[in-house]
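Chemist: What would the 3D arrangement of this be:
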Amino acid sequence: MLTRYRNQVLPTMLGVFVFLWGGASLATQLPPLTEDLDDLYIYTIPTLPLHENSALSALPVSASDSAGQRDADLDPDAIKNEPFQWKKALRQGLFFTGFMHGFRLATEPQTRDALNGHWWQNYTRSIGETRGWDDGDAFMTSYVAHPFEGAIFGYIEQQNDPRYSRVMWGDGRKYWIARLRTMAFSAAMSTQWTLGPASEASIGNVQLRDSPGFVDLVGTPIFGTMIMIAEDVADRYLVAPLENRTANRPVLAFSRMFLSPTRSFANLMAFKYPWHREGRLGISGENNKLRKEMLRDYEDGAGPALFEYTPPKKRSGEATTYPLAAPIELESSAHYETFLGGGSCIGGGGSGAVRIKPSWQLITEVSGCLVINMPHEQSGDSMMYQVGARWTPRAARRVSPFLQMLAGGRRITHELDDDAKRDALLKEWDDGAGPLHYPRRDDWSVEHQQNGLALSAGGGVDIALGRAFAWRVGNLEYTHSWLGDVDQLHAANGLRLSSSLVLKIGTW
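Modeler: Below you'll find the model as predicted:
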């Protein structure tokens, strides 16, 4: 038995080290989690108007935690000049990574068993196997669980970014800059989770035993950012107004956690209560007493509401205008493609565009799709990675047509699966009790693929949904790839129809 698992020591120790190092580092630098942790912090919403007789002024000021300090006493320039807390962010991110690995190792016998063999060789092979779009996970895993992971990484970035830690939906340009920063951090950490040294590729070699698609690399940060935006909207319009009406601790805690689950989990990674909100009055101890007093004053007309949001341009007293033609656009799309030589596929992708002139954008795109209607025990997929230009003559209008052309590469893969052999191998493996290790894909599947230059050209129309979003109603493109047939897959020429949601940065 020891001989069977001797090669699992290095990757297992790596996962345990990431988890313990992150947790221990955080635990030594943060205050202990106690029942009255909220009482150490008296936060106020940046726009919260405090009245003269507020109990806030009577509370003692902690030398270390700024308890009882008014926002008016804080130096805004000092906050703006505070650097990003890289060490804390990486510790919390790796702590979360270790938590996920711990769950995998505890619940997945195939992950534990697949650790056998030469670690470095299997790790590099896993990375090299990554291709296509689909990764074999269920819809809920790829399009719900992994985006939640991306949002948690995003909130870890935000809570360690002093300049943007208190942003709210409606904070204009500052909000969107904050979301770009959180998405960049989420993309880096989720890529590490998929392909990095402490990843699914290195701990369990997922790509060697399951479908090794790119869906998580693209969808985790992009869809995760959308989840963050949804939680921010709920916090602004549902949770914060509720705090003007009640001081009930269970109600406030539940509303903050239920409507912002990923932010709550990110709080736990920083050893804070899940209902903690930066810049928001706490819900227990002296904070709760203060909240009750302020609510009584508000109901009696003797004081303001706890939450009164002021838009950025009203705070500064100056009119703020932004271009309607977005300087930056981020797109998440779904598409259907039919190969003119026969066959079709369904998938999605992500792209980013930078405006270089009023009517021109530089764009980069990664997309993939799963070939449908394949014979039994066969599968196929396609992946495209391209850069190009887009012409948008009416970019500042509500309805904006466009034309675009992209060039890059395409990889087509066809797999022949022997289901009977796979079932036999799994039966002989017997959840780790049998004489065999967990079977890898190459034990029961044969793969044929080609990679070649690719070109796509077409156009469509966007409909603006306010300043922040647009719906790319339709984008019809002709695709051409300089590669031969891959068995019965003839993907040299095709037509692709896509529809997508576009996040516009710099228009608010």
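Chemist: Point out where the stretch 101-250 of the chain drops to low pLDDT.
Modeler: 132 (pLDDT under 70).
Chemist: please redo it, this time with the cut-off set to 90
Modeler: 107-122, 124-144, 168-177, 180, 204-219, 222-223, 226, 240-241, 243-246 (pLDDT under 90).
Chemist: now the helices: where do they sit in it?
Modeler: If DSSP state H, counting those that start in this stretch is used as the criterion, the helices of the stretch 101-250 of the chain fall at 109-113, 119-129, 139-140, 146-158, 173-195, 206-209, 215-234, 240-242, 249-259.
Chemist: Kindly present the ones you listed as JSON lines, with separate columns for mean neighbour count.
Modeler: Quick note: C-beta positions are derived from backbone N, CA and C, even for glycine. Below are the helices of the stretch 101-250 of the chain laid out as JSON lines (neighbours: other Cβ atoms under 10 Å):
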{"stretch": "helix 109-113", "mean neighbour count": "19"}
{"stretch": "helix 119-129", "mean neighbour count": "17"}
{"stretch": "helix 139-140", "mean neighbour count": "8"}
{"stretch": "helix 146-158", "mean neighbour count": "26"}
{"stretch": "helix 173-195", "mean neighbour count": "20"}
{"stretch": "helix 206-209", "mean neighbour count": "24"}
{"stretch": "helix 215-234", "mean neighbour count": "22"}
{"stretch": "helix 240-242", "mean neighbour count": "17"}
{"stretch": "helix 249-259", "mean neighbour count": "17"}
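Chemist: Can you say which of the ones you listed is nearest to L306?
Modeler: Counting by Cβ to Cβ, L306 lies closest to helix 240-242 out of the helices of the stretch 101-250 of the chain; the figure is 8.5 Å.
Chemist: Which secondary structure elements does the closest one sit against?
Modeler: helix 249-259 (3 or more Cβ pairs under 8 Å, 6 or more residues apart in numbering; DSSP states H and E).
Chemist: So what touches the helix it packs on?
Modeler: Contacting residues not belonging to helix 249-259 are listed as 231, 234-235, 238-239, 242-243, 246, 264, 274-275, 277, 283-284, 288 [Cβ atoms under 8 Å, 6 or more residues apart in numbering].
Chemist: which residues touch S260?
Modeler: By Cβ under 8 Å, 6+ apart, the neighbours of S260 are E231, A234, D235, V239.
Chemist: Tell me, what's the model's pLDDT at it?
Modeler: Note for S260: predicted pLDDT of 95.
Chemist: same deal with A58?
Modeler: Looking at A58, its pLDDT is 36.
Chemist: Output stretch 174-181 as CSV, nothing but the C-alphas.
Modeler: Written as CSV, here are the backbone C-alpha positions of stretch 174-181 (Å, rounded to 0.1, in the frame of the first residue of the first chain):
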residue,chain,number,x,y,z
LYS,A,174,-14.8,54.3,-9.8
TYR,A,175,-17.1,51.2,-9.5
TRP,A,176,-16.1,49.9,-13.0
ILE,A,177,-12.4,50.5,-12.4
ALA,A,178,-12.9,48.4,-9.2
ARG,A,179,-14.6,45.6,-11.1
LEU,A,180,-11.8,45.6,-13.7
ARG,A,181,-9.3,45.2,-10.9
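Chemist: what about stretch 496-504, distance to the chain center?
Modeler: Distance, stretch centre to chain centre, for stretch 496-504: 18 Å (Cα atoms, centre = their mean, to the nearest Å).
Chemist: sorry, back to before: what is the nearest of the contacts of S260 to T413?
Modeler: Within the contacts of S260, the smallest distance to T413 is 36.6 Å, found for E231 (Cβ to Cβ).
Chemist: I'd like to know how far the nearest residue to that closest one once chain neighbours are set aside sits from Q85.
Modeler: Once flanking residues are discounted, E231 sits nearest to S260: 4.4 Å by Cβ to Cβ, 6 or more residues apart in numbering. From S260 across to Q85, the span is 21 Å (Cβ to Cβ, to the nearest Å).
Chemist: go on, A389?
Modeler: Counting by Cβ to Cβ - A389 and Q85 are separated by 38 Å.
Chemist: One more: P327?
Modeler: Separation of P327 from Q85 (Cβ to Cβ): 28 Å.
Chemist: For the residue most central in space within the chain, list the residues it contacts.
Modeler: The centroid of the chain falls nearest to G150 when counting by Cα atoms, centre = their mean (2.3 Å). Applying Cβ under 8 Å, 6+ apart, we find G150 in contact with S186, S190, G219, T220, P221, I222, F223, G224, T225, I227.
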